[in-house]
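# this one's structure only:
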């Protein structure tokens, strides 16, 4: 008898980034494994991204409420989903991001939750009070009830163990990956206007965009580099300081805020960039770092949290609190052609070690280990 696994895939939706991308890519890799019987709960927008035709090994269940409809969506998850799982007699239920149903489903089923980071605990000031309280409560409750906890990096796993006193045997580390579309440009891409460096980050304090703006100010106004900065990412929380920094340093004509962009635009931006910067103070995994390396772009990265684990020896690392060191590292990479070539080669080699197929195989081994 095949294993029956149910997954909450409602984060796949029209404008998906972060956890939405993770859900999309992992589910796409998992359902290629026909030896498992899959039941995927999804938002109606999933039809824009995946073929939802059913097969012998696959059932799509379009849910009445998505994750963005917080009240009704969460009520459905905690009250309606357990009845669904009981009715379908699942062997394993996998929540892809922090939140298992509060109520128990079928007695013989096993529960897995993926924890991507502990930002609401480590950086509580970067979330609204209500959001932070809710996510801390849900994360604690899910970790307590899970039969297996998956962390997306060794860094995240260590945080979980230290903060919650979790037995190491309950935690499995399974690295994420990036879309196969992130690869080097087939031919050189010309850039209209000034050359630019880029950062992919939501506007929130832990992403350290203000530190990058200070470093960029030195590059432009002190070292006289003819350079722009492109910022890709959606508006986050407590972003006023970014705009104050921008105005105070007279950078408005040098910085472009593109907001949320789709996959094709994101890849094109990487291909045209001189380098990518990952200045974050805290990441559970660090998708932008891996995306840039996979596209053949040199990276100047913070050495904080999980980033050295993911980047290996490919990036130039800096202390995220040291703006001057960030300036020096960016300038060194921009001006050193031999260094750039070495970093690109190391980055491509490192990025090749990650794939969603590997992640899917590790998850399936994890499911089977619980039965």
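That came through, no problem. In this text, all values refer to a predicted model and were calculated from it rather than measured experimentally.
# so which helix or strand takes in residue 143?
Using DSSP states H and E, residue 143 sits in helix 129-145.
# list the buried ones in that helix?
Going by neighbour count (16 or more other C-beta atoms under 10 Å), the buried part of helix 129-145 is 132, 134-135, 138-139, 141-143. All C-beta spots, glycine's among them, are computed from the backbone N, C-alpha and C.
# got a list of contacts for that helix?
Applying C-beta atoms under 8 Å, 6 or more residues apart in numbering, the contact partners of helix 129-145 are 95, 98-100, 102, 111, 113, 115, 118, 120-121, 124, 127, 149, 160, 164, 166.
# returning to that earlier point: what is the lowest-pLDDT residue among the buried residues of helix 129-145?
Lowest in pLDDT among the buried residues of helix 129-145 is residue 132, which has 77.
# element containing residue 175?
Following DSSP H and E, one finds residue 175 outside all helices and strands.
# skipping adjacent residues, who's closest to it in space?
Ranked by C-beta to C-beta, 6 or more residues apart in numbering and with sequence neighbours excluded, the top spatial neighbour of residue 175 is residue 354, at 5.9 Å.
# quick one: low-confidence parts of the stretch 201-350 of the chain?
Judged by pLDDT under 70, the stretch 201-350 of the chain has its weakly predicted residues at 236-239.
# ranges for the helices of it?
209-217, 240-248, 263-272, 287-294, 307-311, 323-335, 337-351 (DSSP state H, counting those that start in this stretch).
# just want the angle from the second one to helix 209-217.
Between the axis of helix 240-248 and that of helix 209-217 there is an angle of 20 degrees, by axes from the mean of the first three to the mean of the last three C-alpha atoms, to 10 degrees.
# now the fourth one
Interaxial angle of helix 287-294 relative to helix 209-217 (the same axes, to 10 degrees): 40 degrees.
# how far off centre is helix 287-294?
11 Å (C-alpha atoms, centre = their mean, to the nearest Å).
# same check, this time on the fifth one
Centroid displacement of helix 307-311 relative to its chain, using C-alpha atoms, centre = their mean, is 13 Å.
# got the contact list for it?
153-155, 175, 278, 280, 283, 285-286, 289-290, 293, 299, 301, 315, 317, 347, 350.
# can I get the buried ones among those residues as something I can paste into PyMOL?
With 16+ other C-beta under 10 Å as the criterion, this PyMOL line picks the buried residues out of the contacts of helix 307-311:
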select buried, resi 153+155+175+278+280+283+285+286+289+290+293+299+301+315+317+347+350
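# please pick the buried ones from the contacts of helix 129-145.
95, 98-100, 111, 113, 115, 118, 120-121, 127, 149, 160, 164, 166.
# flag the shaky bits of the stretch 1-150 of the chain, pLDDT-wise.
If you take pLDDT under 70 as the line, the stretch 1-150 of the chain has these spans: 1, 14-17, 48-53, 105-107, 126-128.
# in it, which spans are strands?
Assigned by DSSP state E, counting those that start in this stretch, the strands in the stretch 1-150 of the chain fall at 3-8, 36-42, 58-62, 92-95, 110-115, 148-151.
# with distance to residue 256 added, can I get these in a markdown table?
Output for these, formatted as a markdown table (distance: least, C-beta to C-beta, whole Å):
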| stretch | distance to residue 256 |
| --- | --- |
| strand 3-8 | 36 |
| strand 36-42 | 34 |
| strand 58-62 | 38 |
| strand 92-95 | 37 |
| strand 110-115 | 34 |
| strand 148-151 | 35 |
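# any idea which of the ones you listed gets closest to residue 257?
Closest approach to residue 257 among the strands of the stretch 1-150 of the chain (C-beta to C-beta): strand 110-115, 30.4 Å.
# who's in contact with that closest one?
91-100, 139, 142-143, 145-152, 156, 160, 174, 284, 366-367, 370-371.
# switch the cut-off to 6 Å
92-96, 100, 142, 146-151, 160, 370 (C-beta atoms under 6 Å, 6 or more residues apart in numbering).
# go through those residues and say which is closest to residue 82.
Closest to residue 82, out of all of the contacts of strand 110-115 and judged by C-beta to C-beta, is residue 93, at 9.2 Å.
# what separation do you get for the closest one and residue 332?
Counting by C-beta to C-beta, to the nearest Å, the gap from residue 93 to residue 332 is 49 Å.
# and the helix or strand hosting residue 155 with helix 129-145, angle?
In this structure, residue 155 sits in helix 154-164 according to DSSP H and E. Per the same axes, to 10 degrees, the angle that helix 154-164 makes with helix 129-145 is 90 degrees.
# and helix 154-164, average pLDDT?
The model assigns helix 154-164 a mean pLDDT of 97.
# just checking, what packs against it?
Here helix 154-164 touches strand 171-173, going by 3 or more C-beta pairs under 6 Å, 6 or more residues apart in numbering; DSSP states H and E.
# strand partners of the strand it packs on, parallel vs antiparallel please.
Sheet pairing of strand 171-173 (DSSP bridges) gives strand 148-151 (parallel).
# contacts for the partner strand?
112-115, 143, 157, 160, 170-174.
# try it again with 7 Å
Strand 148-151 is contacted from outside by 112-115, 143, 157, 160, 166, 170-174, 366, 370, using C-beta atoms under 7 Å, 6 or more residues apart in numbering.
# can you check stretch 241-257 too?
203, 209-210, 213-214, 216-217, 220, 228-231.
# will you turn these into JSON lines that also has neighbour count and distance to residue 10?
Compiled in JSON lines, those are given as follows (neighbours: other C-beta atoms under 10 Å; distance: C-beta to C-beta, whole Å):
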{"residue": "203", "neighbour count": "20", "distance to residue 10": "25"}
{"residue": "209", "neighbour count": "29", "distance to residue 10": "29"}
{"residue": "210", "neighbour count": "18", "distance to residue 10": "33"}
{"residue": "213", "neighbour count": "25", "distance to residue 10": "35"}
{"residue": "214", "neighbour count": "18", "distance to residue 10": "39"}
{"residue": "216", "neighbour count": "28", "distance to residue 10": "38"}
{"residue": "217", "neighbour count": "21", "distance to residue 10": "41"}
{"residue": "220", "neighbour count": "19", "distance to residue 10": "43"}
{"residue": "228", "neighbour count": "21", "distance to residue 10": "37"}
{"residue": "229", "neighbour count": "24", "distance to residue 10": "35"}
{"residue": "230", "neighbour count": "17", "distance to residue 10": "31"}
{"residue": "231", "neighbour count": "21", "distance to residue 10": "28"}
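# cheers, nothing more for now.
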